[in-house]
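Enquirer: pasting the structure only:
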Ligand SMILES: Cc1ncc(C[n+]2csc(CCOP(=O)(O)OP(=O)(O)O)c2C)c(N)n1
Ligand SMILES: Cc1ncc(C[n+]2csc(CCOP(=O)(O)OP(=O)(O)O)c2C)c(N)n1
Ligand code: SF4
Ligand code: SF4
Ligand code: SF4
Ligand code: SF4
Ligand code: SF4
Ligand code: SF4
Ligand SMILES: [Mg+2]
Ligand SMILES: [Mg+2]
């Protein structure tokens, strides 16, 4: 195995994409993900690929649509407001069943908000910020290494299901430097065939990429066909980690970098004798309900920790189905939940105390909902 | 009370808006809501208002932002793909706390989809299709009359909370004609003062409309302040109807025109001796959890019926919290759930039979998930 | 007997959904004739837009992608960058190209994207039932300009050929009309030129076609053609606005 | 002693976040001077865009709205239609106005929207750290054109003043520079004209200001001004491109 | 008899543009409706020889209904 | 002494543009840093009278640091 | 009674108009009513239909899936909607354009040569009215006089010179069906 | 040991660079490392900082909320970060720019006139290296030799003529602190 390299998350993500055989990148600058297009603009031409700085995120996602429909491994990346502008295009891509990868290095919102890390785009990513019934496969990496590994997986999974895949990384994933080893990535040679792609109809019947179906019965059938696909994805592609499954009774639930903070809290509290464990969803959609089934017998309660006012907490509740109480703690807009505050909240949960909002505050913010 | 007039839903909605004091409309054509801008283009100039056909939905929502920030009663309307293009702007409006009304006469998706009625934009509307933590108040009218009444309410509620309000009507609400009586609408005279609006700083300190807060602590505080507001809305603004609360044990759950179909199913099944009731959410956000509390003791099960592959069903589950099973039946893409199929599904539910998908199909579609 | 005119091979045998006498049909035929004559059917990829021509893919026997409203130039960019050796064209209405898609068309031109754009200017939104387009004439009544377009309220008609000619990356910009057989023949020449430019790698080419919408103009097809000649051409003069690129 | 030059009243007393020597500061000062001279501070509503000037509202003592990236002309339209008697201006960078906001600016002009646009062309994306803008010069190295912009790959610089001059609804389009005191004085005259046009109801006015980004150009402020004169002006000639509207 | 001008009647929409441009004014509509509900254009067998094969009709037809031979 | 040219030192960012355009070349930087970490520009008391109040410096200053009197 | 009626034909045959007319008349008679259109992608030509509900009770659903009556003005409409008509329901067929055999035996079917009758009356354009008149002759939905009375409110002012022609067409259809009955 | 270090100063003082350098050295010594930057809205000027974690165990969180060491290269940084430094932690103050009294008594504080020292060495630009050298002199994070060894990998090629100057600055800071200790 090769030596680890120290790399900024954004650059590592870009490099992983190239190693996964991605040769086309269409994107528009936005903090905190600029290193991705910058890296691509330098490296893609070296490997015979193409980098295009689009005029906007709306254009980016539609260029991705065109390139994906033409059979390419293609990606775009952006951050929260830019991702919002892609919602129509994303719905088209899902409707037309095109494979592609979208990276959202998300920042504080709503509106222009701030440029610090956030997880407040969870709903948009997992429920479908665009119109219509569609699903995007969403990965929430917790380290630069995991972001790279998932990036490679993302392209394969996108091709396998002909579906868009999103990497939802908070700003920290993009901005921090960590050692990384590149593994996997089948390279350009062995990419899957795409006989459905628009490459010119020489010697075969015409191919068509579209999402319009004016006949309600046809569109209904199309939607239920997509639904079947989504069911298959739910069955095959769920990823998660459970920590301290053996004896834990109280579970922290967190994804992305927040999960790492929670691990430190878990470790500390265990030393103090609390039976704390942690569930870390890696796929945010499909959401890992199985993880909750696994611990359902023993779990006395769940504390969901997010850099949002509470979004994943709904999926946790849907997974727990009332079998144990689900609590929440969060900070937003770039404020990061402090280990101390998480610990306090978890103690209150375990010891059955009502939360006192000000207890968890470091600044002027809130945190308990 | 005045005599009812027969009007197409879209025109009635436009007329109700004008009666509610709306004087500014910015929008872009899209089926099946074109009668709204068309009506506005004719009628607004007559009452001293302004109609602008924007170059796109992206421009529309940002014109709404400008006009709302300038203190006007303002609205836009569109349909599914157009609404997706508004997601960034909507997040800005919510972040900057501006009041406005958005009408989505939604159609089948994803992508270009079709032009027939659909309810597949439920997630987008209620969870936040844009980035960041924000909420839009969403009404789901079930008749032309209710659409008009809610339209008037929407403007008042928007002003009260300085928050965007959405009317989520399926295509039927827009396209059908029904008798309607216009009531309410305070007219232009008595609209609330907006001292925060940008009107020029003559004789006062400057006003600022913005959503940027670079300091994480400030943005965090802003988000939790919004959260408080949303909590107040959840407490004050929930609207719903429960039918046959007195003795029902099995509940249909549906909103919009689907609720009307379900009422006919309920009536029929009651005649046959089934203790069927119905919960009809009118506000989709805030979701009427109270309705489910109300019937929690007695309810043996809920059947959620939607023109989607199952979106509101998640909110129903979150409200029911595992206290009774929640089932689903739906058609999509303009296909409308048939009374016969709903009844069959409800019987299967009551009699504990596993659904056989093909039983509920009229065309090539699916329906059970 | 020898054929003088045969239905182009690149058209499928489908009855179109276009209204009687709508010149979308003529434009389709011309593009198909050009594809046939250049022998590029097997390597052409079309991009349909959102407008009455949304189903263009049903009528051309080539590979096709259906693009979101206004975004055909972006979609075409994605395709062309993947297959620089294939021929990529967009087919867009005036609502699509000049209104919602204004940024995409300007930037495809500025980027010198090596594609061909067929632009159908019928001064109205056909598919959605006759709303005002950016190209609607002053005084013209539409469903969203019920009192007639007035420049003080809705501004002036947007002349896209003139505008795009001001973009350095545009190589070829021409405006033609379809209002009689002579003009149809000229239009075909321009369309052919626009495809040839792409084959030669010269960058962005667009042919604007003054077209009719008898249905929403509420005229017979023939009256509609006369209206093009009498009312549209004075505002939208015909000709080549650009040939050659750069500063 | 009598004042020869005083800090304009319409500026607040805040230290700006702009880099040393960035001409965004000069532009701000000129706009403030014009607002003072025309006596319109109390009735002016500014629209800040997304770019280095996102915080413009901190520096002008007038009402302000902060618009989404590229959408300032749409936001200004919303405001102006509500308050036709107030003075509404946008302040936009080249990424904002010429790239993501290309459709909005073209259509504000086409609609003959009675607003004033201040357009800061610094040939780069300042705020996000120096990526290529549509106005980046050929050969110019940026973080997303690391080998220098080449027209075969990224197309040609987009000349917005020339482009907008081709739109009938535009009343006044001028390009000025800020690279020395004489040019600064000229720029101020054009800005004043652009505001006066609005007061007289003449429609859309835009002043493009060739500006510097010493930080991302990686030059001293003074070298940056010299670069404007030497490299930008040949591509972006100064002058009034339009005065008066219509066909 | 070999026809000079052949109409694919199923595609015709009775728009009259061919009628309008034909220098010989020999194009007429049939009594029957086609599947789309239009009276298709046609040149009667007896008028075929009047046709000068100028193809004006074909070049103007929006529905590519007409093929011309000489 | 009444100054001809007055610097609002807190706002200065040492960009040198005033220095560059001053025809009298009398603008220099102070030793101390201001709160933003820059050496502010200044015309020393003794050089004030060399100033011709042309306001070139003020018109070029991006930070509106300079006011000029005559 | 709860009438659920579908009227279908080529775009341009005026099925939307007769639907509106019937709905108006129902409202005027104090009934609960709704009208719901459905179009194809074509702006002109193609097939269009509308669903009208007229009932003594509030209308549960404006969508008509099991019509109690159908007017089929062209062949595709006949093929699509005659199938879903409830047993015992009424079917008005425009026999000028639709020639079919083997109509379902469990329904009340009436063939009216509406285009020919309309032509005779003065214009093919009122074929739709002939059909509606026919329907009114079979099913007890609203009084034909009510329909005639609301004609001026539904028909655009510039066509008011044709009010009389429309009324005559309605009556003609009505009578033809009465005669057949 | 689990080192959580914050380095802060004006944009342009090179705090990001010394953070990267330290992280690199940590990685080279086989430790677990992370580096996380934080900027203000200013592109130039303003205050910037980075958080570096160097640990024997995997790093739970790259966010440093309770630093074990702080380098404060300007006054705002001192004010912000000296407060959250853990008791017993190390604080390196660039006394060329920061003159403060009453430093917390429960920490190890070292005042180094980094700009002046750097100037003496040849360029104020290596003041950051003097500070980092100081930190290495107090806290047992990595060997100073490792840091010097990775300099060529971290510093851009076009500045490689300054490698030696940087190394000398690192050593100078190291020595100054050793002398104070
Ligand atoms: C995002 C979005 N907005 C609006 C529409 C609705 N829409 C469909 S076609 C069309 C305009 C068509 O006009 P044009 O482009 O001129 O084409 P034409 O029909 O006149 O040929 C519009 C606005 C849509 N499908 N998607
Ligand atoms: C929708 C969206 N896309 C991208 C961004 C990121 N962004 C912020 S400023 C900017 C460009 C700024 O460049 P310019 O407009 O030229 O202004 P300058 O900073 O050069 O003055 C970009 C792309 C954003 N905030 N929103
Ligand atoms: S609506 Fe107009 S543009 Fe569309 S097909 Fe009909 S005539 Fe042509
Ligand atoms: S980054 Fe460039 S444009 Fe932005 S403030 Fe600094 S110098 Fe000015
Ligand atoms: S070919 Fe010429 S003469 Fe013959 S039918 Fe056609 S138009 Fe008439
Ligand atoms: S031009 Fe074509 S479609 Fe029109 S009438 Fe003639 S043959 Fe028929
Ligand atoms: S006013 Fe003129 S002479 Fe005086 S300091 Fe300024 S530039 Fe120099
Ligand atoms: S121009 Fe202004 S900011 Fe620059 S050095 Fe002179 S006084 Fe300071
Ligand atoms: Mg059009
Ligand atoms: Mg710029």
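Expert: Arrived safely, thanks for sending. What you are looking at is a predicted structure, and each value in this text was computed from that prediction instead of being measured. Ligands and ions are numbered 1, 2, ... in the order given.
Enquirer: what residues does chain C put near chain B?
Expert: Within chain C, the positions adjacent to chain B are C:50, C:54, C:66, C:68-70, C:95, C:99-100, C:102, C:125, C:127-129, C:131-132, C:134, C:143-147, C:154 by C-beta under 8 Å from any C-beta of the partner chain. In short, each C-beta sits where N, CA and C put it, glycine included.
Enquirer: which among those residues end up buried?
Expert: Buried members of these, counted by 16 or more other C-beta atoms under 10 Å in any protein chain shown: C:50, C:54, C:66, C:68-70, C:95, C:99-100, C:102, C:125, C:127-129, C:131-132, C:134, C:143-145, C:154.
Enquirer: Not counting sequence-adjacent ones, nearest residue to the residue nearest the centre of chain G?
Expert: The centroid of chain G falls nearest to residue G:132 when counting by C-alpha atoms, centre = their mean (3.9 Å). Sequence neighbours aside, residue G:18 is the residue nearest to residue G:132 in space, at 4.2 Å (criterion: C-beta to C-beta, 6 or more residues apart in numbering or on different chains).
Enquirer: Residue G:129 is in contact with the one you found, correct?
Expert: Yes: at 6.6 Å, residue G:18 counts as touching residue G:129 under the criterion of C-beta atoms under 8 Å.
Enquirer: what's the distance between the nearest residue to residue C:188 once chain neighbours are set aside and chain F?
Expert: Spatial nearest neighbour of residue C:188, chain neighbours left out: residue C:30 (4.7 Å); criterion: C-beta to C-beta, 6+ apart. Residue C:30 sits 56 Å away from chain F, going by C-beta to the nearest C-beta, to the nearest Å.
Enquirer: Now do the phi/psi pair for residue C:30.
Expert: Torsion angles at residue C:30 (phi, psi; degrees, to the nearest 10) stand at phi -60, psi -40.
Enquirer: For residue A:166, which three-state class applies?
Expert: strand (DSSP: H, G, I helix; E, B strand; the rest coil).
Enquirer: right, I mislabeled it, should have said residue A:134
Expert: Following three-state DSSP, residue A:134 is assigned to coil.
Enquirer: How much space separates it from residue G:122?
Expert: Here the criterion is C-beta to C-beta, to the nearest Å. By it, residue A:134 lies 54 Å from residue G:122.
Enquirer: who touches residue 136 in this structure?
Expert: Reading this off chain A. Taking C-beta atoms under 8 Å, 6 or more residues apart in numbering or on different chains, we find residue A:136 in contact with A:90, A:94, A:102, A:125-126, A:128, A:163-166, A:285.
Enquirer: sorry, should have said chain G
Expert: Per C-beta under 8 Å, 6+ apart, neighbours of residue G:136: G:142, G:144, G:147, G:170, G:173-174.
Enquirer: Run a quick check on residue A:135 versus residue A:233, I expect a contact.
Expert: Yes: between residue A:135 and residue A:233 there is a contact under C-beta under 8 Å: 7.4 Å.
Enquirer: Give me the common contacts of these two.
Expert: Counting by C-beta under 8 Å, 6+ apart, the common neighbours of residue A:135 and residue A:233 are residue A:163.
Enquirer: The residue nearest to residue G:21 when sequence neighbours are not counted and residue G:14: what is the separation?
Expert: If you skip the residues right next to it in sequence, residue G:21 has residue G:154 as its closest partner in space, 4.9 Å away by C-beta to C-beta, 6+ apart. To residue G:14, residue G:154 is 11 Å away according to C-beta to C-beta.
Enquirer: Of those two, give the one with the bigger neighbour count.
Expert: For residue G:154 versus residue G:14, neighbours defined as other C-beta atoms under 10 Å in any protein chain shown are more numerous around residue G:14 (22 against 17).
Enquirer: Is the more buried one in contact with residue G:123, as I believe?
Expert: No: Residue G:14 is beyond contact range of residue G:123, at 11.2 Å (criterion: C-beta under 8 Å).
Enquirer: For the residue located most distally from the centre of chain G, which three-state class applies?
Expert: Residue farthest from the centre of chain G, counting by C-alpha atoms, centre = their mean, is residue G:158 at 22.7 Å. With three-state DSSP as the basis, the three-state label of residue G:158 is helix.
Enquirer: Does chain H have contacts with whatever helix or strand residue A:340 lives in?
Expert: Under DSSP states H and E, the secondary-structure element containing residue A:340 is helix A:339-350. Yes: counting by C-beta under 8 Å from any C-beta, chain H is contacted by helix A:339-350 at A:339-340.
Enquirer: Report all helices and strands that that helix contacts.
Expert: strand A:250-253, helix A:256-271, strand A:301-306, strand A:326-330 (3 or more C-beta pairs under 8 Å, 6 or more residues apart in numbering or on different chains; DSSP states H and E).
Enquirer: One more pass at 6 Å, please.
Expert: Using 3 or more C-beta pairs under 6 Å, 6 or more residues apart in numbering or on different chains; DSSP states H and E, the elements in contact with helix A:339-350 are helix A:256-271, strand A:301-306.
Enquirer: now for the ones you listed, which one comes closest to ligand 7?
Expert: helix A:256-271 (52.2 Å; C-beta to the nearest ligand atom).
Enquirer: Residue A:181: neighbour count?
Expert: 12.
Enquirer: Residue G:80 now?
Expert: 15.
Enquirer: Pull the contacting residues for residue 51.
Expert: Assuming you mean chain A. A:25, A:40-41, A:44 (C-beta atoms under 6 Å, 6 or more residues apart in numbering or on different chains).
Enquirer: You answered for a different chain; I wanted chain E.
Expert: E:4-5.
Enquirer: Backbone dihedrals for the residue nearest to residue G:132, both of them.
Expert: Dihedral angles (degrees, to the nearest 10) for residue G:18: phi -70, psi -30.
Enquirer: Around it, how many other residues sit close by?
Expert: Residue G:18 has 30 nearby residues by other C-beta under 10 Å.
Enquirer: Of the contacts of residue G:136, keep whichever come out buried.
Expert: Using 16+ other C-beta under 10 Å, the buried ones in those are G:142, G:144, G:147, G:170, G:173-174.
Enquirer: any idea which helix or strand comes after the helix or strand of chain C with the lowest mean pLDDT?
Expert: Counting by mean pLDDT, DSSP states H and E, chain C has its least confident helix or strand at helix C:151-154, which shows a mean of 93. Following helix C:151-154 in sequence order, the next helix or strand is helix C:160-165 (DSSP H and E).
Enquirer: Any residue of that following helix touching chain D?
Expert: Yes: Helix C:160-165 reaches chain D (C-beta under 6 Å from any C-beta of the partner chain) through C:162-163.
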